[in-house]
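Student: One predicted model, sequence on top.
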Amino acid sequence: MENLQIGQIYGQYEGVSKSLPRAKRSSVIRDPRFIAGVLLIIVSILLTTWIIQRARGGEDVYQLTAPVAQGQPIELSSVSVVSARTGSNAYLPVGEIPEGAIATRSMSAGELLPRDAVSTAAEQDRRQVVINVATRIPSSVGVGSQVEVWSIDKPTVVEDRQAEPTVIATSAIILAVSEPDATMIEHAQAVEVSVTEADLAKVLAATGGKGSLVVVPAG
């Protein structure tokens, strides 16, 4: 009997000791200060993660994968998307290339695409045309180079002399250059150029004439 009473008393004390920690834990979890502290820790972790990602990643902008000449169309095939810390809004964000975009200045492969270097054909007074030049263009001339286009008339039977060369475009921009045609005697070379509206008529007239066209570096 005495052992039974001692066991009952011990069991009661044991039950009370088990219930006390649970009550204490429950009161701590419901404490507004505890909840506010947990929320503050979570917000701090998220904010720190965002700052680190922002510092490492930057913003998505376009980078040229090939040279682009002034007046040449800017197509998605000639750019790639990179993440860069530009520190300004001077560069065109991804998704903002306008329809019919063209370059307002010549740019090299690897450059980030600036806002002020992109326009549309409707905003420019330049036109693209392909001309056949009689001689190979100088080695210093490439895509993006500014050149002069000269017309050299063939001598007439009556005068038996060659006319003076005439400049028909002073600020043409090279857009593309083909290899010379070896099947032709004069080894004509097709060159795509961008010319101003004011020079277009003279260039087209010379292209359809009997003379020869030559391009030389401007300046």
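Tutor: The structure has been received and is ready for your questions.

Student: Need the residues that contact the strand ranked longest in the chain.
Tutor: Criterion DSSP state E: the longest strand present in the chain is strand 166-177. Surrounding strand 166-177, the residues in contact under the criterion C-beta atoms under 8 Å, 6 or more residues apart in numbering are 69-72, 106, 126, 128, 137, 141-153, 189-196, 199, 202-203, 206, 215, 218. Glycine gets a C-beta too; all of them are placed from N, C-alpha and C.

Student: Excluding chain neighbours, give the residue nearest to residue 118 in space.
Tutor: Spatial nearest neighbour of residue 118, excluding adjacent residues (C-beta to C-beta, 6 or more residues apart in numbering): residue 101 at 5.3 Å.

Student: Isn't residue 93 up against residue 82?
Tutor: No. Using C-beta atoms under 8 Å as the test, residue 93 is too far from residue 82 to be in contact (11.8 Å).

Student: Identify the contacts common to those two.
Tutor: In contact with both residue 93 and residue 82: 60, 61, using C-beta under 8 Å, 6+ apart.

Student: If the spatially most central residue of the chain is in a bridge, with which residues?
Tutor: With distances taken as C-alpha atoms, centre = their mean, residue 62 lies nearest the centre of the chain, 2.8 Å away. Under DSSP bridges, the beta-bridge partners of residue 62 are residue 81.

Student: At which residues are the helices of the chain located?
Tutor: 2-29, 32-57, 197-207 (DSSP state H).

Student: Can you find the helix or strand of this protein with the lowest average pLDDT?
Tutor: The least trusted helix or strand in the chain, going by mean pLDDT, DSSP states H and E, turns out to be helix 2-29, with a mean of 51.

Student: on that earlier part again, got the angle between the longest strand of the chain and helix 197-207?
Tutor: 90 degrees (axes from the mean of the first three to the mean of the last three C-alpha atoms, to 10 degrees).

Student: ok now strand 166-177, how far from the chain's centre?
Tutor: Computed by C-alpha atoms, centre = their mean, to the nearest Å, the chain-centroid distance of strand 166-177 equals 26 Å.
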